[in-house]
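>>> Give me coordinates for this.
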Amino acid sequence: MAESSSATPRERYRAQVRAEVKKRAWEQIATAGASALSLNAIAKRMGMSGPALYRYFASRDELITELIRDAYRSLADTLHAASGESGADVAALAHALRGWALDDPQRYFLIYGTPVPGYHAPDDITAIASENMATLLDAWTARPSAAPATPFAEHLDGLGRQWADDHPAPPAALHGALTFWTRLHGVLSLELAGHFNGMGFDPAQLFAAELESLLTGGGLPAADRQGPPKGESPAQ
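Residues are numbered from 1 along each chain as shown. Predicted structure coming up:
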């Protein structure tokens, strides 16, 4: 608040225009998709000339970067809030992710949908995405110790942990977090795209069932579960 109150009238006006541009951009994305984003079309909707709008965003890619940065930051804040003071919980993170996605599907698809052709995100975007993965890895690391890691978990561990930004999670937690990320995003992407429409079941129940499967070991290979499958003995 102090920063806003100390801004000059010109700075406040600039911030207002940039905020309106982003609002119009989201409206355009909802109608035609991010690949069709056009600064000139936004300028026309705002009663401005194209060159005038370029004083606020130098290019389409700069505007997309700002939208993606806002989306990732919003998700990071949501996951941090779900973690609470006691630390991240996998189930809480899952439900926070779904709530965030349902609240604004276009925002979700901008960062987890089809990449925008010709667009390359700057390094700071990758850093925010890594922050979200770190929160998930924290949650999986805090779960009870799992059985010896699978070959794939060891493969993940042997990659130099670049994809996990050098998080110290054990191999089984790396595998668990990645399985969580892929499976739940798969369910969310299908739900938000409307592929469950008319199928007669509640997508929330499917999401809950997938989450339960992951948390009880059904979504991971036997070696990554918290215990042996029912009716089987522990590996010798």
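>>> tell me which residues of stretch 125-140 are tucked away?
For stretch 125-140, burial by neighbour count (16 or more other CB atoms under 10 Å) applies to 125, 128-140. Placement of C-beta: from N, CA and C, glycine included.
>>> So which residues make contact with it?
Stretch 125-140 is contacted from outside by 65, 68-69, 72-73, 75-76, 79-80, 83, 87-90, 93, 111, 164-165, 167, 169, 173-174, 176-177, 180-181, using CB atoms under 8 Å, 6 or more residues apart in numbering.
>>> Tell me which of those residues fall in helices.
Using DSSP state H, 65, 68-69, 72-73, 75-76, 79-80, 83, 90, 93, 111, 173-174, 176-177, 180-181 are the members of these that sit in helices.
>>> that older thread, please flag which of the buried residues of stretch 125-140 sit within helices.
Within these, residues falling in helices by DSSP H are 125, 128-140.
>>> I'd like these laid out as CSV, including distance to residue 28.
Output for these, formatted as CSV (distance: CB to CB, whole Å):
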residue, distance to residue 28
125, 20
128, 23
129, 24
130, 29
131, 28
132, 26
133, 30
134, 33
135, 31
136, 31
137, 35
138, 37
139, 36
140, 38
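>>> just the helices in this structure please.
Counting by DSSP H, the chain has helices at residues 2-5, 9-32, 39-45, 50-53, 60-83, 90-103, 105-112, 123-142, 151-157, 171-192, 203-215.
>>> can you redo these as TSV with mean pLDDT?
Shown next, in TSV, are those (pLDDT from 0 to 100):
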stretch	mean pLDDT
helix 2-5	53
helix 9-32	94
helix 39-45	94
helix 50-53	91
helix 60-83	94
helix 90-103	96
helix 105-112	95
helix 123-142	90
helix 151-157	85
helix 171-192	93
helix 203-215	95
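>>> quick revisit: buried ones from the contacts of stretch 125-140, can you make that a ChimeraX selection?
Buried residues among the contacts of stretch 125-140 (16+ other CB under 10 Å), as a ChimeraX selection:
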select :65,68,69,72,75,76,79,83,88,89,90,93,111,164,167,169,173,174,176,177,180,181
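>>> Identify the farthest-apart pair in the buried residues of stretch 125-140.
Spanning the widest gap among the buried residues of stretch 125-140 are 125 and 140, at 23.5 Å by CB to CB.
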